[in-house]
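# Predicted structure and sequence below. I'll ask about it afterward.
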Amino acid sequence: EDVPSQTFDNRDYFCGKETFPVYESIFTEEGETIRKIAIEIEKPPQIEIHVWTIRKGILHHFYVEKLSKRESEELPYFKLITRTTLSQWKIFSEGEAQISQMCESRVCRTELEDLVKVLYLEKSQKGHC
């Protein structure tokens, strides 16, 4: 079955809500995966990066860093994965805090994947805004 690809129209697509680009970067080295999820915010102009260090499926370390847009231009390897609203980003951040505590001692691959899915917006049908 064809899955519709997420398009990146802005306001019109998401019922007039402002959306922001979300990027992802994944590195694997020496049995460790470093996954970064970043959002680009206009005011103030900055990039907020959530960094997860995963070892054998267990979230070992999690932190957030904020960079100015100028600093972030030097960051390679990020690819655009979707656009999201600030309210969805807030849900993502709150869920991330819960998962970081829950996953300190057990494997949480599916929980982390499900959390990233929160950022993908469903295309609303006309008249349902």
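Looks like it came in fine.
# residue nearest the centroid of this protein?
Ile37 (4.1 Å; CA atoms, centre = their mean).
# distance of Phe27 from Gly57?
16 Å (CB to CB, to the nearest Å). For glycine as for every other residue, the C-beta is placed from the backbone atoms N, C-alpha and C.
# what residue ranges in the protein score low on pLDDT?
1-15, 123-129 (pLDDT under 70).
# redo that, cut-off 50
Scanning the chain for pLDDT under 50 picks out the ranges 1-12, 125-127.
# show me where the protein has helices.
Per DSSP state H, the chain carries helices over the ranges 69-72, 86-102, 109-117.
# can I get the ones you listed in JSON lines with distance to Gln46 and mean neighbour count?
JSON lines is the format used below for the helices of the chain (distance: least, CB to CB, whole Å; neighbours: other CB atoms under 10 Å):
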{"stretch": "helix 69-72", "distance to Gln46": "6", "mean neighbour count": "13"}
{"stretch": "helix 86-102", "distance to Gln46": "13", "mean neighbour count": "15"}
{"stretch": "helix 109-117", "distance to Gln46": "21", "mean neighbour count": "14"}
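# Let me know which of those helices is the nearest to Val22.
helix 86-102 (7.9 Å; CB to CB).
# If I take that closest one and helix 109-117, what angle do their directions form?
Angle between the axes of helix 86-102 and helix 109-117 is 160 degrees (criterion: axes from the mean of the first three to the mean of the last three CA atoms, to 10 degrees).
# List the contacts of helix 86-102.
17-18, 20, 22, 37, 39, 50, 59, 62, 84, 108, 111-112, 115-116, 118-119, 121 (CB atoms under 8 Å, 6 or more residues apart in numbering).
# where do the strands sit along the protein?
Secondary structure of the chain (DSSP state E): strands located at 20-29, 32-41, 46-55, 58-68, 79-84.
# Let's have these in CSV, adding distance to Glu94.
Shown next, in CSV, are those (distance: least, CB to CB, whole Å):
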stretch, distance to Glu94
strand 20-29, 16
strand 32-41, 14
strand 46-55, 12
strand 58-68, 13
strand 79-84, 14
